[in-house]
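just coords:
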């Protein structure tokens with residue numbers, strides 16, 4: 001039985017080219033997945049979203065409103081894409097969707113190849129040097145009668161800051 005099936009398979013002839021040296025092309029079957037997909041309709045946004053896009057994003061991505069399955073980042077990306085489509089150039093820079101192309105500019109003047117893309121780097125601000133201080137709160141008598149509390153501070157090293165010499169005569173300054 002197996003021999004009969006094998007013999008029948010050998011007797012089938014392959015399609016021969018029309019002439020020697022000529023190639024016959026078969027047209028491929030069109031793939032149905034290559035058809036263009038219709039654009040997804042964006043949901044409409046309220047007029048308040050046009051006037052306050054930051055507030056709209058906060059409201060839409062609030063944990064009280066968004067679904068539990070959607071993370072905050074996914075919600076922000078979804079809302080920012082919708083806002084970008086509706087507002088266009090009026091979209092604030094802080095709400096541009098992640099992955100959107102940023103403007104590039106020259107980093108150093110005179111250097112043609114050094115480019116800075118994205119948000120500009122912040123310059124480091126000089127930090128204030130904190131000095132340890134000792135403070136004492138003391139009561140002082142007021143001329144109208146009563147007590148006022150004053151606080152005197154000096155560096156922890158013990159020296160006073162440019163006050164000069166003080167002499168107390170009779171308990172008054």
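Done, it's in. Every value quoted in this text rests on a predicted model; they were computed, and no experiment measured them.

measure residue 67 to residue 83 for me?
Distance from residue 67 to residue 83, counting by CB to CB, to the nearest Å: 19 Å. Glycine gets a C-beta too; all of them are placed from N, C-alpha and C.

neighbour count winner among these two?
Neighbours were counted for residue 67 and for residue 83 using other CB atoms under 10 Å; residue 83 has more, 25 against 7.

report the rounded mean pLDDT for the strand or helix carrying residue 85.
Taking DSSP states H and E as the criterion, residue 85 maps to helix 72-87. In this model, helix 72-87 has a mean pLDDT of 90.

what helix or strand is residue 48 on?
Per DSSP H and E: helix 47-51 holds residue 48.

what's the next secondary structure element after that helix?
Along the chain past helix 47-51, the next helix or strand (assigned with DSSP H and E) turns out to be helix 53-60.

enumerate the positions of that following helix that are buried.
For helix 53-60, a neighbour-count test (16 or more other CB atoms under 10 Å) marks 53, 56, 57, 60 as buried.

I'd like to check the angle between it and helix 72-87, please.
140 degrees (axes from the mean of the first three to the mean of the last three CA atoms, to 10 degrees).

for helix 53-60, packing partners?
helix 47-51, helix 72-87 (3 or more CB pairs under 8 Å, 6 or more residues apart in numbering; DSSP states H and E).

6 Å - rerun?
Packing partners of helix 53-60 (3 or more CB pairs under 6 Å, 6 or more residues apart in numbering; DSSP states H and E): helix 72-87.

which strands or helices does the helix it packs on pack on?
helix 53-60.

repeat the analysis, applying 8 Å as the threshold.
Short answer (3+ CB pairs under 8 Å, 6+ apart): helix 72-87 packs on helix 47-51, helix 53-60.

for residue 7, which of those helices is the nearest?
helix 53-60 (71.9 Å; CB to CB).

return the set of buried residues in the helix holding residue 85.
Those would be 75, 76, 78, 79, 80, 82, 83, 84, 86, for helix 72-87 by 16+ other CB under 10 Å.

hang on, the earlier thing: next, give me the two most distant ones among the buried residues of helix 53-60.
Using CB to CB, the buried residues of helix 53-60 span at most 10.5 Å, a distance reached by 53 and 60.

and what about residue 7, helix, strand or coil?
Following DSSP: H, G, I helix; E, B strand; the rest coil, residue 7 is assigned to helix.
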